[in-house]
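Participant: predicted structure and sequence below. I'll ask about it afterward.
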Amino acid sequence: MDPHHLRTFVTVARLASFSEAARALGYTQSAVSQHIAALEHDLGLPLLARRPVVPTPAGERLLEHAGALLLRIDAARADLGRFAAAPIRTLTLAASPLAPHPRVLAALAGLPTTLGVTLRTLPRDEVPAAVATGAADLGLVDGPAAASDPLRLPDAGPLTAVRVAEEPFAVVLPAGHPLAGRPGLRLADLVDARWLDAPDAGVPLDRLRSANGGPVGQGFRAALRHEGTDSRVLGALAAAGHGLTLLPVSLAAEVTGAVAVPLVSPRLVHRVELLHTGAEPEGPPAELARRLAD
């Protein structure tokens, strides 16, 4: 299976157009058609219906594999490219929205001033891919986990994950909420509450359902969806009464006009992990990794 043909197939399926895919990939439309025909011949199956351009059942199944296959190819190319790379004089750190813990910020502040540092905020699931493909030198990813348990990360190639920090969660409520005076709250008591759905700025609601042990889609209904990565906006929405949210205690305590009540059950922690390729990073990434490990 030629990876160039596979990438062309994914692009055609995504754009639902041979001509748009040709424009996006910089190919002629004839070349795109040849790639698809060659891939279909290789697999012995029709992958795309032509009018309209939609994946066949076999094409839909191939799309389920294609993203991971292409990612691993890109990761392998980036990994081998590091053998010939020049010494790193800049540092690109990809981080999920809630990953820059105070320890992380302190470690960044201690790096040499001559080093150019870029902090790039990405959705959680994109951080491992950015590190694996060389788009970032290091990654910081966060999420809920049982105490001392590693995060569940998407497969993006051979990556090393190191714990950076763990802290408890708190439920963020408006100051006048009936539960604001409680010393602690259980997720089981909040199943029927109105929640903020903010998968990139807070804890995704499906993770709350899973942590509570309930079926997918049951409970924790969304009152408002926030499509962004700014946890401050999420906190302000909770303070204004648009729904509850779960934040690490260090962030929850900073929300103006809200009350942060500790989550006591289940015993979840907000965990931050550092991601890098290989056994040990080198150069400036190694210095940051050392600071975070210390």
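Facilitator: Noted; the coordinates are in hand.
Participant: helix, strand, or coil at residue 242?
Facilitator: coil (DSSP: H, G, I helix; E, B strand; the rest coil).
Participant: residues in contact with it?
Facilitator: 196, 223, 224 (C-beta atoms under 8 Å, 6 or more residues apart in numbering). Placement of C-beta: from N, CA and C, glycine included.
Participant: if we go to 10 Å?
Facilitator: 174, 194, 195, 196, 223, 224, 226, 234, 236 (C-beta atoms under 10 Å, 6 or more residues apart in numbering).
Participant: how about the last one, nearest residue that isn't a chain neighbour?
Facilitator: Nearest in space to residue 236, with sequence neighbours left out and distances taken as C-beta to C-beta, 6 or more residues apart in numbering, is residue 255 at 7.2 Å.
Participant: thought that neighbour was touching residue 232?
Facilitator: Yes - if you go by C-beta atoms under 10 Å, residue 255 and residue 232 touch, sitting 7.9 Å apart.
Participant: which of those two has more neighbours?
Facilitator: Taking neighbours as other C-beta atoms under 10 Å, residue 255 and residue 232 compare with residue 255 leading, 22 against 13.
Participant: tell me the pLDDT of that one.
Facilitator: Note on residue 255: pLDDT of 93.
Participant: can you check residue 81 too?
Facilitator: 66.
Participant: Three-state assignment for residue 276, please.
Facilitator: Per three-state DSSP, residue 276 ends up strand.
Participant: list the beta-bridge partners for it.
Facilitator: residue 160 (DSSP bridges).
Participant: quick revisit: just the buried ones from the contacts of residue 242?
Facilitator: With neighbours counted by 16 or more other C-beta atoms under 10 Å, the contacts of residue 242 contain buried members at 174, 195, 196, 226, 234, 236.
Participant: residue 45: which of these is nearest?
Facilitator: For the buried ones among the contacts of residue 242, the residue nearest residue 45 by C-beta to C-beta is residue 226; the value is 41.5 Å.
Participant: now do the contacts for that closest one.
Facilitator: Per C-beta under 10 Å, 6+ apart, neighbours of residue 226: 196-202, 233-234, 236-238, 242-243, 245.
Participant: how many other residues sit next to the residue lying closest to residue 101 once chain neighbours are set aside?
Facilitator: Spatial nearest neighbour of residue 101, chain neighbours left out: residue 165 (4.4 Å); criterion: C-beta to C-beta, 6+ apart. Other residues within reach of residue 165, judged by other C-beta under 10 Å, total 20.
Participant: and residue 165, what pLDDT?
Facilitator: 89.
Participant: mind checking the SS state of it?
Facilitator: With three-state DSSP as the criterion, residue 165 reads strand.
Participant: who's in contact with it?
Facilitator: 99, 101-104, 140, 142, 248, 250, 269-274, 292.
Participant: list only buried entries from the residues you listed.
Facilitator: Among the contacts of residue 165, those buried by neighbour count (16+ other C-beta under 10 Å) are 99, 101, 104, 140, 142, 248, 250, 269-274, 292.
Participant: show me which pair in those residues is furthest apart.
Facilitator: Among the buried ones among the contacts of residue 165, 250 and 274 lie farthest apart (C-beta to C-beta), at 18.0 Å.
Participant: just for the stretch 51-200 of the chain, where's the confidence low?
Facilitator: Low-confidence segments of the stretch 51-200 of the chain (pLDDT under 70): 81-89.
Participant: spell out the residue ranges of the strands in it.
Facilitator: Under the criterion DSSP state E, counting those that start in this stretch, the stretch 51-200 of the chain carries strands at the ranges 54-55, 90-95, 116-121, 138-146, 159-174, 185-186, 195-197.
Participant: do you know which of the ones you listed lies nearest residue 263?
Facilitator: strand 159-174 (4.4 Å).
Participant: and the helices in the stretch 151-294 of the chain?
Facilitator: Counting by DSSP state H, counting those that start in this stretch, the stretch 151-294 of the chain has helices at residues 205-211, 231-239, 249-252, 284-293.
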